[in-house]
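Colleague: below is the sequence, then the predicted model.
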Amino acid sequence: MTIQESGGCELSVCALASGSRGNAIYISDGRTGLLVDAGLSGVEIERRLAARGLCPKSIDAILVSHEHTDHIQGVGVMARKYSLPVYMTPKTEQAVGSKLGGVREIRHFEPGTRFSVDRLTVHPFALSHDAADPAGFTVSRNGTKIGLATDLGMATALVKTHLRACSLLILEANHDPDLLMNGPYPWHLKQRVKGRTGHLSNGQSRELLQEVIHEGMRHVILGHLSQQNNTPKHALQEVGQALNGYKTRISVALQDTCGELIRV
């Protein structure tokens, strides 16, 4: 672990997968590791960790944002195999039901209340999404903060408050409105996606980023891109407008390819 000159603590982040077929984010300070969602099979999560030189045994806990399958598919397998506690809200646990199988330890949190996993501080916050009790997260240590906000239909004032002062931000850019409306989805699904409990468009993501970006934000990762209603080019072109005048890097987390290991 490297202590930066500013006195902050270096955090490593890797988007193992992001999209409607599976989501998983790895965060570590060099000693404490978190897996935020585990929406791939256990085998695939292990494979993607190994591709970046990461060991599953470095994970200390799994955080679950909400109960949709693309966020929990591998939670039970990983928790059992590596004896990991699983953090989720009581309402999310109720919505999950028996989908995880037997899990040794489930620990509850409530959006708005901080908790610690060893040396990392996690601050969950409520999101607007069609799930029982969906949450975004910030993960921080010694002044370095990572923000995660995907699967949200609108950026509330609460969301903006939590995402300020992040060193790295993982932000949803789900769809291009024109591609969505002219695409293959049935009408009811189009309405769900662009609704207040659906997913952020590229334009909404740009507007949110414009409100929270600052000189200390070193990297933005765009996540949960729709494979039918978006492209990395569309997302980067639209959301990238928010970076005007800043040195912040921007990249896209993909569904089928593990992202780079980013240190901030």
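Modeller: Received it, and whenever you're ready, just let me know what you need. Numbering: from 1, shown residues only.
Colleague: quick one: buried residues of stretch 35-45?
Modeller: For stretch 35-45, burial by neighbour count (16 or more other C-beta atoms under 10 Å) applies to 35-40, 42, 44-45. From N, CA and C alone the C-beta is placed, and that goes for glycine too.
Colleague: repeat for stretch 144-161
Modeller: Buried-residue list, stretch 144-161, by 16+ other C-beta under 10 Å: 144-156, 159.
Colleague: now do stretch 197-207: everything it contacts.
Modeller: 128-130, 151-155, 171-177, 180, 192-194, 208, 222, 224, 226, 230, 234-235, 238-239, 241-242 (C-beta atoms under 8 Å, 6 or more residues apart in numbering).
Colleague: tell me the pLDDT of the residue nearest in space to the middle of the chain.
Modeller: In the chain, the residue lying closest to the centroid (C-alpha atoms, centre = their mean) is L148, at 4.3 Å. Here the pLDDT value assigned to L148 is 98.
Colleague: using the three-state scheme, assign it.
Modeller: On the three-state scheme (DSSP: H, G, I helix; E, B strand; the rest coil), L148 is labelled strand.
Colleague: beta partners of it?
Modeller: F137, I170 (DSSP bridges).
Colleague: V86 too?
Modeller: I62, I106.
Colleague: ok, now how distant is it from L158?
Modeller: 25 Å (C-beta to C-beta, to the nearest Å).
Colleague: swap in L254?
Modeller: Counting by C-beta to C-beta, the gap from L254 to L158 is 29 Å.
Colleague: where in this structure is pLDDT low?
Modeller: 1-8 (pLDDT under 70).
Colleague: ranges for the helices of it?
Modeller: 42-51, 69-72, 75-82, 90-96, 157-163, 177-181, 187-194, 202-212, 232-239 (DSSP state H).
Colleague: nice, that's everything, thank you.
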